[in-house]
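> Need a 3D model of the sequence below.
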Amino acid sequence: TTGSPVTLNGSGSDSDGTYLINIKQITGGEYHTCAISNAGKTYCWGEALNGKLGDAQTATNRTTPVFVEDGATTHTPRALLDTAGSFGGNTAWSFYNLTFGDGSGATTSTSSGTGAITIDATLTIALNQTFDSGGKTLTLAGSGTPFITTGTFTPSTSTLNYIGSSATTITSSTYNNLGVGSTSDTGSAVTYTLGGNTTVSGSLTLGNASSTNSDTLDQGATYNLTTGAVTVTSKGIWRNTGTGDVTLSGNVSNSGSVTLDGSGLACGGADAITLASSNTTRRVWSGSGSFALRDLTVSYMEHATSLTAYSSTDGAPGGTNLNWTISSACAITISGTVYSDEGTTTLVGTQTIRIKVNGAGTYSAALSSGTYTVNDVVITAASDVVTAYLDGATEKSAAVTRTADSTSNITGLNLYQNRVILRHEDS
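Numbers count the residues shown, from 1 in each chain. Presented below is the predicted three-dimensional model:
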């Protein structure tokens, strides 16, 4: 572009306009240039076509630098890369919106260096464009749909993390390593839902053990998940209550919660989810987290001690599963809230909730944020008597109910300190 040369001054404070001060990194496109200051501010100048400058306009070329992005501003800048070549370096970069290509030319941008990339709003790969993420760690901090691609995403050896603060859709694609809610935070629990069939060729990590609340990966109604090793942290939840299949090429470690429940209906429905290995290698499941496995077709799975899939089918009879019990019987989930009064204040702590059916059984779960969920409770018939109580705790509470049938989950079986509740699920 034409205009006076831009001076880069090595001292002083950040300044908008003609002079750039305290610059730590500068990069040039074919017709525009951008620089990042030591304070993390971004400035661009040159051709404005397709929003290259990130100053919310495409008509006016800039012969002096314009301020692109700062977290305190309300504008929504966009960085557009529409030239084939290398992208990035060893310095971490942050963008509000980052777009590869304008949809007209077939070009490839390839990441280089070790610097992580954070996109606060949306990462877009336009039609005809290829983005090779190399070995980068890309973090998508936006909610809604933070990854839009009509072009080609080549994951190479990269890690892509979704960390949106509210409901987020995971774009249907092939990833190398995928993180879901994988950054420690104190925000509300978030559900991340597959937007289509998804493949993770490396490892899948759900939640972060240091977070305040648990984040959920939901497979949606029909979408398949093909993945390598899965780690469900203590603040992670993996939920599939639809008909999408799960194919594993790695093991599963669960410190949180895993629910695979075909169609999400009462136990005893069609075995709507196929849980299988990618080959004839058994995939080992482990961990102290909770498992709710129902209405599945299971093949080539293994557990160190024992795991039961209820109302399920052996997908390859003849001993292909090891320490997995494939049971035709049903089991239900019982859940509720524990209060320290008559229903206003939830009880604080990790007390043990024990469940007995007709006075027998060893079903239990720890209280978490005032609520409990006990999976895989076997009910043999209608009118079985279910007792839930605090076991071994200073506080005393119990609830007794009678089942309507052997397949329906029981919700809202609440406990109230120093009280015994009698109720019934049947008529």
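
> what's across from the residue nearest to the spatial centre of the chain in the sheet?
Nearest to the mean C-alpha position of the chain, by Cα atoms, centre = their mean, lies Val180 at 2.6 Å. Per DSSP bridges, the residues bridged to Val180 are Tyr162, Leu206.

> Just the pLDDT at it, thanks.
Looking at Val180, its pLDDT stands at 98.

> From here on, call the first residue 685.
With 685 as the first residue, the last one maps to Val864.

> Next one: the nearest residue to Thr870 once chain neighbours are set aside from Lys919, what distance?
Excluding its sequence neighbours, the residue lying closest to Thr870 (Cβ to Cβ, 6 or more residues apart in numbering) is Thr896, at 4.5 Å. All C-beta spots, glycine's among them, are computed from the backbone N, C-alpha and C. With distances taken as Cβ to Cβ, to the nearest Å, Thr896 is found 8 Å from Lys919.

> any residues in contact with both of those two?
With Cβ atoms under 8 Å, 6 or more residues apart in numbering applied, the contact sets of Thr896 and Lys919 do not overlap.

> Settle it for me: which of those two has more neighbours?
Neighbours around Thr896 and Lys919, counted as other Cβ atoms under 10 Å, are more numerous at Lys919. The numbers are 23 against 13.

> shouldn't the more buried one be in contact with Gly940?
Yes - in this structure, Lys919 is within contact of Gly940 by Cβ atoms under 8 Å, at 6.4 Å.

> about what we covered before: do I have it right that the residue nearest to the centre of the chain meets Asn892?
No - the pair Val864 and Asn892 does not pass the contact test of Cβ under 8 Å, sitting 9.8 Å apart.

> Now list whatever residues contact both of those two.
Common neighbours of Val864 and Asn892 (Cβ under 8 Å, 6+ apart) are 899, 920.

> got any ranges where the protein has weak pLDDT?
Across the chain, the ranges flagged by pLDDT under 70 are 685-703, 753-762, 950.

> now do the same end-to-end measure for stretch 1070-1085.
Stretch 1070-1085 stretches 5 Å from its first residue to its last (Cα to Cα, to the nearest Å).

> Contacts for it, please.
Here stretch 1070-1085 makes contact (Cβ under 8 Å, 6+ apart) with 1018, 1020, 1022, 1024, 1031, 1033, 1035-1041, 1043, 1048, 1058, 1061, 1063, 1069, 1086-1087, 1094, 1097-1109.

> same thing but 6 Å
The contact list for stretch 1070-1085, computed with Cβ atoms under 6 Å, 6 or more residues apart in numbering, reads 1035-1036, 1038-1041, 1097, 1099-1102, 1104-1109.

> Can you turn the buried part of the residues you listed into a PyMOL selection?
Filtering the contacts of stretch 1070-1085 down to the buried ones (16 or more other Cβ atoms under 10 Å) takes a single PyMOL command:
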select buried, resi 1035+1038+1039+1040+1041+1097+1099+1100+1101+1109
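
> Which ones among the contacts of stretch 1070-1085 map onto helices?
Nothing among the contacts of stretch 1070-1085 maps onto helices, per DSSP state H.

> now stretch 771-787: how far from the chain's centre is it?
Relative to the centre of its chain, stretch 771-787 is centred 23 Å away, using Cα atoms, centre = their mean, to the nearest Å.

> now stretch 939-958
The answer for stretch 939-958 is 19 Å, by Cα atoms, centre = their mean.

> In that stretch, which residues are buried?
Buried, per 16+ other Cβ under 10 Å, within stretch 939-958: 939-953, 955-958.

> Kindly report the same for stretch 862-880.
In stretch 862-880, counting by 16+ other Cβ under 10 Å, buried: 862-866, 869, 874-879.

> ok, now stretch 850-863?
Those would be 852-855, 857, 859-863, for stretch 850-863 by 16+ other Cβ under 10 Å.

> Pick out whichever of those residues sits closest to Ile705.
Gly863 (36.6 Å; Cβ to Cβ).

> OK, contacts around the closest residue to the closest one other than its chain neighbours?
Distance criterion Cβ to Cβ, 6+ apart; nearest residue to Gly863, sequence neighbours excluded, is Asn845 at 3.8 Å. With contact taken as Cβ under 6 Å, 6+ apart, Asn845 is in contact with 823, 863, 866.

> I'd say the first one and Thr802 touch.
What it means is Thr823. Yes - contact status for Thr823 versus Thr802: in contact at 4.6 Å, counting by Cβ atoms under 6 Å.

> Between these two, which has more neighbouring residues?
Thr823 (22 against 17).

> partner residues bridging that one?
Assessed by DSSP bridges, Thr823 has beta-bridge partners Thr802, Asn845.

> tell me the phi and psi of Gly948?
Backbone torsions for Gly948, taken as degrees, to the nearest 10, come to phi 70, psi 10.

> Would you mind measuring from it to Ser788?
44 Å.

> same thing with Ala873?
Ala873 is 42 Å from Ser788, by Cβ to Cβ.

> ok, now Ala1049?
Between Ala1049 and Ser788 the computed distance is 56 Å (Cβ to Cβ).

> quick one: which of these two has more around it?
A direct count of neighbours by other Cβ under 10 Å for Ala1049 and Ser788 places Ala1049 higher, at 17 against 12.

> Tell me the bridge partners for that one.
If you apply DSSP bridges, the partners that Ala1049 bridges to are Ile1037.

> ok, back up a step: now the residue nearest to Thr870: which helix or strand?
Counting by DSSP states H and E, there is no helix or strand that carries Thr896.

> residue contacts, the nearest residue to Thr911 once chain neighbours are set aside?
Closest residue in space to Thr911, ignoring its immediate chain neighbours: Val884 at 4.0 Å, by Cβ to Cβ, 6+ apart. Shown in contact with Val884 (Cβ under 6 Å, 6+ apart): 859, 862, 911.

> Beyond the host helix or strand of the second one, next helix or strand please.
Meaning Leu862. According to DSSP H and E, Leu862 maps onto strand 861-864. Remark: after strand 861-864, the chain's next helix or strand is strand 875-878, criterion DSSP H and E.
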